[in-house]
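Q: Pasted the sequence and its predicted model underneath.
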Amino acid sequence: MSKTHGLTLEELQELSKRATAAKDVSYCPYSNFRVGCALLCDDGSWVIGANVENASYPVTICAERTALVKAITEGKKKFRAIGVSTDISPPASPCGMCRQFIREFSDNSVPIFMYGKEEGECVVRTLGELLPMSFGPEDLLPPGRGARK
Ligand SMILES: O=c1ccn([C@H]2C[C@H](O)[C@@H](CO)O2)c(=O)[nH]1
Ligand SMILES: [Zn+2]
């Protein structure tokens, strides 16, 4: 797959714009580490999320899982691309818990675009590259069950 992973130039720009803008709705008074996430759903629609922290620190929800939970509960369970934006360079990548959470709803080929502090800075990896030899729904469920079928 080419560098664009099947996204049009317009979709690529939109992914970056939405993931970056999503940082504005981050609730992160404890870490001041803003994370924004944008999902390009397979129906062409978009869902965003941001990290939401808690005084009991481990209760915090990452941006990626916020976005995915919003999408799933809006009936969107398949994704063409995931964008994650942070204010550091090189860009941060999704934590282990988020990688596994994404795995439930994506196969290994889904591209994860990571945006950093510098203008135009972008690192892209597939989920399979970030989470090799992973355990997924098809390992437990008979065909026809689960989100991706
Ligand atoms: O994949 C990740 C990793 C961390 N964070 C958030 C959680 C916390 O609010 C802050 C610092 O870890 O970044 C995310 O949103 N996504
Ligand atoms: Zn995470």
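A: Cool, got the structure. Ligands and ions are numbered 1, 2, ... in the order given.
Q: now Ser16: how far from Glu10?
A: Computed with Cβ to Cβ, to the nearest Å, the distance linking Ser16 and Glu10 is 11 Å. Just so you know, the C-beta spots here come from the backbone N, C-alpha and C atoms, and that holds for glycine as well.
Q: Show me which of the two is the more surrounded one.
A: Taking other Cβ atoms under 10 Å, Ser16 and Glu10 do not tie; Ser16 has more neighbours (18 against 8).
Q: Can you tell me the closest non-neighbouring residue to that one?
A: Computed as Cβ to Cβ, 6 or more residues apart in numbering, the closest residue to Ser16 that is not its neighbour in sequence is Tyr115, at 5.7 Å.
Q: For that neighbour, grab the count of nearby residues.
A: As a burial measure, Tyr115 scores 27 neighbours (other Cβ under 10 Å).
Q: residues touching it, list them.
A: Contacts of Tyr115 were listed using Cβ atoms under 8 Å, 6 or more residues apart in numbering, and they are Ser16, Ala19, Thr20, Gly83, Val84, Ser85, Thr86, Pro91, Glu121, Cys122.
Q: Report whether the helix ranked longest in the chain contacts ligand 1.
A: Counting residues, the longest helix found in the chain (DSSP state H) is helix 9-22. No: contact check for helix 9-22 against ligand 1, using Cβ under 6 Å from any ligand atom: none in range, with a minimum separation of 10.2 Å.
Q: With stretch 93-105 instead?
A: Yes: using Cβ under 6 Å from any ligand atom as the criterion, contacts between stretch 93-105 and ligand 1 involve Pro94, Cys95, Cys98.
Q: So the second one sits against Cys62, correct?
A: Right, the one you point to is Cys95. Yes: judged on Cβ atoms under 8 Å, Cys95 makes contact with Cys62 at a distance of 6.1 Å.
Q: Neighbour count: these two, which is higher?
A: For Cys95 against Cys62, the residue with the higher neighbour count under other Cβ under 10 Å is Cys62, and the figures read 21 against 13.
Q: Great, nothing more from me.
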